[in-house]
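> what's the 3D shape of this:
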Amino acid sequence: MGLEHWTRFDPEDLLVEALEHWLVVVRRKQITLGACVLLLRRPEESLSGLTAAEAAELPAAAGAFEGRALAAFQPDKFNYVAAMMKDPYVHFHAFPRYSTDQRRYEVDWHDEAWPRAISLGDLETPEEILFKVRSDLRSASL
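As a prediction, this is how the structure comes out:
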């Protein structure tokens, strides 16, 4: 895919949807059930450096994520974070938010920060869970 700058996000294995300028990829650290990353297909260090076409397509990438997450997991809200510190390229961490606990894949999911802003805590999500999340998001109707 020509995304060497995104190898740690593993778009080859965790891709949910590919648009012309953006990819929706399952986030390796599932802070909330169904968390994803919206990845710009090219390395760009500044949000102001987006082309008009890239900027125009961003709502479609968010819409694909939100539509699939709503169909698969029924979250209450969505939060987005564009920290770009550790990975200094334009990307958005996209989090479904839940006011109540969720049970999926024999795992209890608790949105620790609800109703406050999401906290980017460090956690590990088993690969088999990531693939189940990807599968559910891919198969969700828009």
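
> Provide a list of residue ranges in the protein with pLDDT below threshold.
The chain contains residues with pLDDT under 70 at 1-3.

> all strands for the protein, in order.
In the chain, the strands defined using DSSP state E lie at 15-18, 22-26, 36-40, 77-81, 91-97, 102-104, 107-109.

> Identify whichever of those strands lies nearest to Leu50.
Of all those, strand 36-40 sits nearest to Leu50, with 7.3 Å by CB to CB. No exception for glycine: its C-beta is placed from N, CA and C like everyone else's.

> can you tell me which residues contact the residue nearest to Glu66 when sequence neighbours are not counted?
Using CB to CB, 6 or more residues apart in numbering and skipping residues adjacent in sequence, the residue nearest Glu66 is Phe78, 5.6 Å away. Under the criterion of CB atoms under 8 Å, 6 or more residues apart in numbering, the neighbours of Phe78 are 62, 65-66, 69, 94-97.

> Mind picking the two most distant members of those residues?
Every pair of the contacts of Phe78 checked by CB to CB; the farthest is Ala62 and Arg97, at 14.2 Å.

> Look at those two and report which has more neighbours.
For the pair Ala62 and Arg97, the greater number of neighbours falls to Arg97 (21 against 18), based on other CB atoms under 10 Å.

> Which residue, neighbours along the chain excluded, lies closest to the more buried one?
That would be Lys77: by CB to CB, 6+ apart, it lies 4.2 Å from Arg97.

> The one you found: how many residues sit nearby?
13.

> Return the distance of it relative to Gly34.
12 Å (CB to CB, to the nearest Å).

> overlap in contacts of these two?
Pro96.

> what's near enough to touch the residue lying closest to Glu20 once chain neighbours are set aside?
Excluding the flanking residues, the one nearest Glu20 by CB to CB, 6+ apart is Glu57, at 6.2 Å. For Glu57, the contact set (CB under 8 Å, 6+ apart) comprises 19-22.

> for those residues, which one is nearest Ala140?
Leu19 (16.2 Å).
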